[in-house]
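> Mind looking at a prediction? Sequence and model below.
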Amino acid sequence: MNIIYILDLVGTAAFAASGAWVGVRKHMDLFGVLVLGVVTAVGGGTLRDLLLGDIPPFSLNDENYICIALAVSLIVFANRNRFAVFEKPLLYFDAVGLGTFVVIGATKALDFQLGWLGAVLMGVMTGTAGGVIRDVLANQVPLILRREIYASACVAGGTLLVALEQFGTARPVAALVAAGTVIVVRLLAIRYDWALPKS
Amino acid sequence: MNIIYILDLVGTAAFAASGAWVGVRKHMDLFGVLVLGVVTAVGGGTLRDLLLGDIPPFSLNDENYICIALAVSLIVFANRNRFAVFEKPLLYFDAVGLGTFVVIGATKALDFQLGWLGAVLMGVMTGTAGGVIRDVLANQVPLILRREIYASACVAGGTLLVALEQFGTARPVAALVAAGTVIVVRLLAIRYDWALPKS
Amino acid sequence: MNIIYILDLVGTAAFAASGAWVGVRKHMDLFGVLVLGVVTAVGGGTLRDLLLGDIPPFSLNDENYICIALAVSLIVFANRNRFAVFEKPLLYFDAVGLGTFVVIGATKALDFQLGWLGAVLMGVMTGTAGGVIRDVLANQVPLILRREIYASACVAGGTLLVALEQFGTARPVAALVAAGTVIVVRLLAIRYDWALPKS
């Protein structure tokens, strides 16, 4: 699906920008900013491919992903003194990426014959593991484990996708509905500052 | 071996509880607690399967493991205000899990034609890597690298298993003796507060 | 190539020493020091092999690597009170290891049909990921992401290797020139305290 591929690249760019920006705020040098950008953008999908046995992973098979991630990270680094104004708008692209990544991860897992639980997990992991690795490298407790509804949007979208496929919905429709759910939940969560119960 | 499978699930539950409990003490939200529970329970074996090339890993092949880990983590989260009293008894189940994991990891590595050193390493990794990932996600130096005899129990058990197999001992006997060694050393270490030399 | 194998083992020893030394300075116990030594020495190449699908990875196929890493780490631990004087000379061996690792990683990636970008990345990762894992386990932001020219030496060497292969240079020559470049840039960077632009 061509539209999925384009959304995937948009998400890759948004994730790379968020990763590179963490690198900038952590006072990393150019190399660190590039690494954080790339790892945030392709880390989740690469881990998924390792677990599914699709080797080499998508990120080494199609160099567009890493090229985009490197280019965006470079732009963020070059504009690090005025990037703060883009933080808010970036969240919208980030939400689009999140929805796309979850759907790609869950459908790929189903294609690899995983059960429904495994498919939801792979969807959530595709959407979130890059950010987790980013935070581990930046030496902070991953944001997603602490106070964001981010993960719940992924769980909802992944579950919906698997359920729709179970009921025989055509994949493009299932993908669209599931990705849309992730994006809407995510944006509502930002708007109304939703959070999960905390310990 | 059916008994090994049951012990494996018991260990999975115990490891999940210990992981979820770290999440609670680190004030993570529900998602974070679930992630820490699952990762602690299946992280070591999953990493082993990635390295041995047994893909998809056990944790995606047999969803019982992740179901149990999720359920236990949910229970820990729901009872987070009174879970502290279970910390001590949990250590016994944790020791059982440790012994089982080490034996499963080392025997699997031997079945995959690894040498004796690789087999011991895979045993130790199966028993310990989940806890290491848990601590990395919780942004603390892994406990096992600092002051626990935990690892030595694994090394002893893994070495014993490989040695017994080398001398032609029947696998069930070797597994039982090795797992028992891990459990006994672990419990004695807790009882007498043993530690390795430190730097 | 026999000379490459010897240089590889030299680099493994140097990387293990640097990893074990971080463990000592972080007051880890014996097990922690051994883990940090081994992970620093073989982590980069193992991750590369996972991504390329060369399973089991080199570190489990040829136990010499892990034997050397364990032995060196043990020696560092045993001599922890007088090891500080070796820190400087160690940097020379470390540079040799870095050059060798980058060249081995990039050429292996080319042999596995990766594109030029992937090959450079695999070279850089082979040289640097072990140190990144070491720093994550020691709960510090990886040094390489913050202020070292270390990574640039790898990028330069990896790019040079891929370019030379592209132009049909015989592999031994390309390997020698690329590894030499990494080593020289690395040593000059230490000598003149070079650094990348920072954010």
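Structure received. None of the values given here were measured: they were computed from a predicted structure.
> The one helix or strand residue A:6 maps to packs against which elements?
Using DSSP states H and E, residue A:6 sits within helix A:2-25. Packing partners of helix A:2-25 (3 or more CB pairs under 8 Å, 6 or more residues apart in numbering or on different chains; DSSP states H and E): helix A:30-52, helix A:64-78, helix A:87-111, helix A:116-137. (C-beta placed from N, C-alpha, C; glycine too.)
> So is whichever helix or strand comes after the last one next to chain B?
Using DSSP H and E, the next helix or strand after helix A:116-137 towards the C-terminus is helix A:150-166. Yes. In terms of CB under 8 Å from any CB of the partner chain, part of helix A:150-166 sits within range of chain B, namely A:151, A:152, A:155.
> which one of these is nearest chain C?
residue A:151 (21.6 Å; CB to the nearest CB).
> The closest one: how many residues sit nearby?
Residues near residue A:151, counting by other CB atoms under 10 Å in any protein chain shown, number 22.
> wait, isn't it in contact with residue A:128?
Yes. Applying CB atoms under 8 Å as the test, residue A:151 and residue A:128 come out as touching, 6.1 Å apart.
> Quick check: neighbours shared by those two?
residue A:144 (CB atoms under 8 Å, 6 or more residues apart in numbering or on different chains).
> before we move on, the earlier item: make TSV out of the helices and strands packed on helix A:2-25 and add distance to chain B and mean neighbour count.
Shown next, in TSV, are the helices and strands packed on helix A:2-25 (distance: least, CB to the nearest CB, whole Å; neighbours: other CB atoms under 10 Å in any protein chain shown):
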stretch	distance to chain B	mean neighbour count
helix A:30-52	6	26
helix A:64-78	21	20
helix A:87-111	8	22
helix A:116-137	5	25
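> Mind putting the ones you listed into CSV with distance to residue C:100 and mean pLDDT?
CSV is the format used below for the helices and strands packed on helix A:2-25 (distance: least, CB to CB, whole Å; pLDDT from 0 to 100):
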stretch, distance to residue C:100, mean pLDDT
helix A:30-52, 20, 97
helix A:64-78, 24, 97
helix A:87-111, 36, 92
helix A:116-137, 25, 96
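> Switch these over to TSV; also include distance to residue B:159.
Putting the helices and strands packed on helix A:2-25 into TSV (distance: least, CB to CB, whole Å) gives the following:
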stretch	distance to residue B:159
helix A:30-52	29
helix A:64-78	42
helix A:87-111	38
helix A:116-137	31
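> Relative to residue C:199, how far out is the closest residue to chain C within chain A?
Residue nearest to chain C within chain A: residue A:32 (3.1 Å; CB to the nearest CB). Separation of residue A:32 from residue C:199 (CB to CB, to the nearest Å): 8 Å.
> list residues touching both of those two?
Taking CB under 8 Å, 6+ apart as the contact rule, residue A:32 and residue C:199 both touch residue A:23.
> Without its sequence neighbours, what residue ends up closest to residue A:157?
Of all residues beyond its chain neighbours, the one nearest residue A:157 is residue A:182 (3.5 Å), with distances taken as CB to CB, 6 or more residues apart in numbering or on different chains.
> State the distance from the one you found to residue A:9.
Per CB to CB, residue A:182 is found 17 Å from residue A:9.
> just residue A:141 next, same as before
30 Å.
> cool, residue A:25 as well?
For residue A:25, the distance to residue A:9 - CB to CB - is 25 Å.
> Quick check: residues of chain A near chain C?
So far as CB under 8 Å from any CB goes, chain A lies against chain C at A:23-33, A:35-36, A:46, A:50, A:55-57, A:60, A:63, A:66-67, A:77, A:80, A:136-139.
> in chain A, which residue is closest to the centre?
Centroid check for chain A by CA atoms, centre = their mean gives residue A:127 as the closest residue, at 3.4 Å.
> Which pLDDT does the model give residue A:152?
For residue A:152, the pLDDT comes out at 87.
> try residue A:172
For residue A:172, the model assigns a pLDDT of 90.
> where's it, which helix or strand?
Assigned by DSSP H and E, residue A:172 belongs to helix A:171-192.
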